[in-house]
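Asker: sharing a model that was predicted from the sequence below.
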Amino acid sequence: MTGRAPLVSSGLQQLTPGPQYTLCRVYLRLVFRSRMHAAASFSQRWARDNLTRAASDDELATLNLFLSTCNGDESEASKRARRYYAARGPGGLTHLWHKRHPDDEDILSSCQDAYIVSLRARSVGGRRMTLVRLPAPTAMDRPLSARALLARWLMILDIRLKEDPTPGEEVVFIDVSDLQPAHIKNHFKGSYWKDFVHCMKTAYPLRFSEVHVINTHRLKTMSLLLLHLGLYPWRRKVVQIHSGDEQINTAMGVTTSRLRAFHTNMGGRLVL
């Protein structure tokens, strides 16, 4: 009997090296790669498809947050991640992300002018909380630097993101009880606030779910202020205005036993 005998189990002839054999190997390799690609995490797949270098472990942990922030929508998460890298890269938000050094004079002055406190403990609902005092009691009687304030805020967000790269919505409380028009007259110049807000809305790995502006009883033009600062587009969905601090406890999700940890101006019982 000439030729190769058919396989008993399948009735198919064994493949001999040649065009058909080569095509079969290519097909199996593509199937294997496809399955491995599907099994990889979103961060690994995104880094492989979009970066020209190997991603660090910190980058992969951060990239995985985009999928959670976008409610599992991989297409939207991929777009948000690309906007994030574009904002951090050359030609992006250079004035906020690159020109920031902890020992710069404007950054040090900003630490005195405004408090930005990211709480380690989360709310009862598992949300991250940031308290901003604008201006701080230690602020000088002078206009506050918008660039220094927002660059420092991004710096704090990046540090916390590296320390705790886990999903969670961000809730911000901005206390403006001592704010005067002269403090923020320079904030209306340039696009620092608008760039910051746009980054938080469309690019940053974590999303601001709520922004509570509290103690606004002295400000009669709050809507105009929000419009100039670039926060007005968030007005109905994200930003909430409180004339006092009566509703902050509900927003924070804290119980009476936990209020001692917060200053009285933040709805707590701690007196400094």
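Answerer: That came through fine.
Asker: any stretches of the stretch 151-272 of the chain with poor pLDDT?
Answerer: Residues of the stretch 151-272 of the chain meeting the criterion pLDDT under 70: 186-190, 218-236, 245-272.
Asker: where do the helices of it begin and end?
Answerer: For the stretch 151-272 of the chain, the helices identified by DSSP state H, counting those that start in this stretch occupy 192-202, 222-229, 248-252, in order along the chain.
Asker: in the longest one, what counts as buried?
Answerer: What that stands for is helix 192-202. Of the residues in helix 192-202, those buried by neighbour count under the rule 16 or more other Cβ atoms under 10 Å are Tyr192, Trp193, Asp195, Phe196, Val197, His198, Cys199, Met200. C-betas here are computed from N, CA, C, even on glycine.
Asker: now the two most distant members of those.
Answerer: Tyr192 and Met200 (12.7 Å; Cβ to Cβ).
Asker: residues near the residue lying closest to Tyr192 once chain neighbours are set aside, how many?
Answerer: Taking Cβ to Cβ, 6 or more residues apart in numbering, and ignoring the residues beside it in sequence, Tyr192 has Ala146 as its nearest neighbour in space, at 4.4 Å. For Ala146, the count of nearby residues is 21 (other Cβ atoms under 10 Å).
Asker: I'd like to know how far Ala146 sits from Asp113.
Answerer: In this structure, Ala146 and Asp113 are 11 Å apart, going by Cβ to Cβ, to the nearest Å.
Asker: now Ser209
Answerer: When distances are taken as Cβ to Cβ, Ser209 and Asp113 turn out to be 27 Å apart.
Asker: which of these two has more neighbours?
Answerer: Between Ser209 and Asp113, counting by other Cβ under 10 Å, Asp113 is the more crowded of the two (23 against 14).
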